[in-house]
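A.B. asks: show me the folded form of this:
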Amino acid sequence: MTTHAVWAFRAGLLVIVTAIMAGIWWLLQALGLPMSFSPAGIAAWFNSQGNLGPLLLLLLMLLAVVVGPIPTLPVTAAAGLAFGLLPGALLSIIGAMAGAMIAFTLARLLGRDALRARLPSNPLFGSQGSQRLLFLTVLVTRLVPIFSFALVSYAAGVTAISVGRFALGTVIGMLPMTLVFASLGRAFELNPLLSITAAIVILTVMTLLPWYLSRQRHSRLARWLHLDDEPANKAGHK
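C.D. replies: Have a look, this model is predicted:
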C-alpha cells in the first residue's frame, strides 16, 4: 500500500469515527439526555427509556471516552443507580473499554509511526519500549480518577504498549473506581488540593522516570523493566 493510500485510509477512518460519534450524540440528544449530567438525572433518564436504557448507557459511555469532555464517573454512578451495582458496573466497563480501544486505535494509526521515528530509543515511544513500564503507567493512571480516561487512551496509542497489555491495564485499573462509583450511586467530589497534588506528583514521576531509565539502562529497575534487552541484543548482533 502506497503512502498516499495509507493516509487516505487513515483520513477516511477518522471521518467515519467522527460521523458515528456525532450520530450517537444526536441520538442521545433527541431522546432527551439531561445536560446537567447529575447521576440521579441520568439514572432517571435511563429508566425512562425502558429496554433501551442499557444500550443508551453503552453509547453514552462510548461517546464519553472517545470524545473526552463528557465525564465518565457520573455516568458510572448513574449506571449503578439505574441498573444495580454489578449490572451497572459491567455495562460501564464494557462501554468504557469499547471507547478506550477506539481511541487507542485511532492514536496508533495516526501518530504512532511519527513518534517512533523521532524517539527510537525512548522507553515509552521507541520501537523497543518497555512493556512492563508502559503497562504500569496505564494501570496507575486508570487507578487515579483525576486523569482523563480519553486522554490516557489516546496517549497510550502512540506508545509502544501492546494492545493486550493496554486492555489488561485498563480493565484492572478502572475496576476499583467503577465499583466504588456504581455502589455509591452518586459522584463524590474529590478534594481539589489533593487532586492537584496527586496529579503533579504522578506527572512528575511519569516525566522523569523515562529520562532516568534511558540513562541508567543497566540499573536494577531497568533490568526488571527489560530496558537492558535492546543493548544486549544489539551487542550480540555485532
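A.B. asks: what average pLDDT does stretch 12-31 get?
C.D. replies: Taken as a whole, stretch 12-31 has a mean pLDDT of 92.
A.B. asks: mind listing the helices for the protein?
C.D. replies: Under the criterion DSSP state H, helices of the chain are mapped to 3-30, 39-48, 53-67, 72-83, 85-118, 131-143, 149-157, 163-184, 192-215, 220-224, 229-237.
A.B. asks: pLDDT on the last one, on average?
C.D. replies: Same thing as helix 229-237. On average, helix 229-237 scores 43.
A.B. asks: one step back: most tightly surrounded among the helices of the chain?
C.D. replies: Greatest average neighbour count among those goes to helix 72-83 (a mean of 26), per mean count of other Cβ atoms under 10 Å. For the C-beta atoms, the positions are set from N, CA and C on the backbone; glycine is no exception.
A.B. asks: tilt between that one and helix 53-67?
C.D. replies: Relative orientation of helix 72-83 versus helix 53-67 (axes from the mean of the first three to the mean of the last three Cα atoms, to 10 degrees): 180 degrees.
A.B. asks: who touches helix 72-83?
C.D. replies: Contact with helix 72-83 is made by 37-44, 46-47, 53-54, 57, 60-61, 64-65, 87-89, 91-92, 96, 145, 149, 177-178, 181-187, as judged by Cβ atoms under 8 Å, 6 or more residues apart in numbering.
A.B. asks: let's go with 6 Å and repeat that
C.D. replies: 37, 39, 42-43, 46-47, 57, 60-61, 64, 88, 91-92, 145, 149, 178, 181-182, 185-187 (Cβ atoms under 6 Å, 6 or more residues apart in numbering).
A.B. asks: look up how far residue 140 lies from the residue lying closest to residue 150 once chain neighbours are set aside.
C.D. replies: Counting by Cβ to Cβ, 6 or more residues apart in numbering, residue 68 is the residue found nearest to residue 150 once chain neighbours are left out, at 3.7 Å. As defined by Cβ to Cβ, to the nearest Å, residue 68 lies at a distance of 20 Å from residue 140.
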